[in-house]
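In: got a sequence here, can you model it:
(chains A and B)
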Amino acid sequence: QKEVEQNSGPLSVPEGAIASLNCTYSDRGSQSFFWYRQYSGKSPELIMFIYSNGDKEDGRFTAQLNKASQYVSLLIRDSQPSDSATYLCAVRNQGGKLIFGQGTELSVKP
Amino acid sequence: ETGVTQSPTHLIKTRGQQVTLRCSSQSGHNTVSWHQQALGQGPQFIFQYYREEENGRGNFPPRFSGLQFPNYSSELNVNALELDDSALYLCASGGATYNEQFFGPGTRLTVL
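Out: Numbers count the residues shown, from 1 in each chain, chains lettered A, B, ... in the order given. Below you'll find the model as predicted:
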């Protein structure tokens, strides 16, 4: 079992829809959770982080964390073609290491 | 702009050679981590440093080594290069809270 797992996609949504990206992790002692966006040929760009159970909103983005279920998600409201990218879930585990999932490719169709 | 820079941008080496990659972090960023990203994969954690001490290492062999310097710069050294070492190498830096980690643009290493 991988330490951080994501569906590789591609996930395709129409413009204006809500995109839902999911991530599970195996280390129950994990401390903080991150969502990064990576455009092709570029380095990852931090979208947001969360470390408490519940929701955290920033503009069109909402991160949700459920530590009991070891699950973290990212919702993108009013998706735009410019949101088309690979979304990486990363977890700071109990040992302090930043572990990434394999990424979910999102395609927003005009 | 994250304030994190890396050099060189691209590098071509041959199998068996050694390489040094460099990263310069923002002032005040005491933590730096290095990651290897193969094509189509997520970044793989190599190691991280906090205040010039290594404090975490992933599943990489000892020929991957690093240093962090007091001026917020760091190095990744790879000895005895193998073909599978071809990848994008990313450094990320952040403050002591371990929350926000910002990536540099990466160094694309090709081993022939």
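
In: who's in contact with B:Leu39?
Out: Going by Cβ atoms under 8 Å, 6 or more residues apart in numbering or on different chains, B:Leu39 touches B:Ala87. Where C-beta positions appear, they are placed from N, C-alpha and C, glycine not excepted.

In: can you rerun that using 10 Å?
Out: Listed by Cβ atoms under 10 Å, 6 or more residues apart in numbering or on different chains, the contact partners of B:Leu39 are B:Ser86, B:Ala87, B:Leu88.

In: swap in B:Leu112?
Out: The contact partners of B:Leu112, taken as Cβ under 10 Å, 6+ apart, are B:Ile12, B:Lys13, B:Thr14, B:Arg15, B:Gln17, B:Leu81, B:Leu83, B:Ser86.

In: who wins on neighbours among those residues?
Out: Using other Cβ atoms under 10 Å in any protein chain shown as the neighbour test, those are led by B:Leu81, with 19 neighbours.

In: just say helix, strand or coil for that one.
Out: Under DSSP: H, G, I helix; E, B strand; the rest coil, the three-state class of B:Leu81 is coil.

In: likewise the one 3 residues further on?
Out: Taking three-state DSSP as the rule, one finds B:Asp84 in the helix state.

In: quick check, it in contact with B:Thr110.
Out: No. At 11.8 Å, B:Asp84 does not count as touching B:Thr110 under the criterion of Cβ atoms under 10 Å.

In: so which of those two has more stuff around it?
Out: Shown here are B:Asp84 and B:Thr110; by other Cβ under 10 Å, B:Thr110 has more neighbours (13 against 9).

In: is chain A within reach of the host helix or strand of the more buried one?
Out: Secondary structure from DSSP states H and E places B:Thr110 in strand B:107-111. Yes. Judged by Cβ under 10 Å from any Cβ of the partner chain, strand B:107-111 comes into contact with chain A at B:Arg108.

In: could I get that strand in CSV with only the CA atoms?
Out: Extracted C-alpha coordinates of strand B:107-111, given in CSV (Å, rounded to 0.1, in the frame of the first residue of the first chain):
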residue,chain,number,x,y,z
THR,B,107,16.6,20.9,-12.3
ARG,B,108,16.0,18.5,-15.2
LEU,B,109,18.8,15.8,-15.1
THR,B,110,19.3,13.5,-18.0
VAL,B,111,21.7,10.6,-17.6
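
In: tell me the strands beside it, with direction?
Out: Strand B:107-111 pairs in its sheet with strand B:10-13 (parallel), strand B:87-94 (antiparallel), by DSSP bridges.

In: buried residues in stretch A:18-35?
Out: A:Ala19, A:Leu21, A:Asn22, A:Cys23, A:Thr24, A:Tyr25, A:Asp27, A:Ser30, A:Ser32, A:Phe33, A:Phe34, A:Trp35 (16 or more other Cβ atoms under 10 Å in any protein chain shown).

In: between the residues you listed, which sits nearest A:Ser43?
Out: Using Cβ to Cβ, A:Phe34 comes nearest to A:Ser43 of the buried residues of stretch A:18-35, at 13.9 Å.

In: so the closest one bridges to which residues?
Out: Per DSSP bridges, the residues bridged to A:Phe34 are A:Phe49, A:Ala90.

In: near chain A, which residues of chain B show up?
Out: B:2, B:4, B:6, B:31, B:33, B:35, B:37, B:40-48, B:50, B:55-58, B:88, B:90-92, B:94, B:97-106, B:108.

In: just the buried members of those?
Out: Using 16+ other Cβ under 10 Å, the buried ones in these are B:2, B:4, B:6, B:31, B:33, B:35, B:37, B:42-48, B:50, B:56, B:58, B:88, B:90-92, B:94, B:98, B:100-106, B:108.

In: nice, that's everything, thank you.
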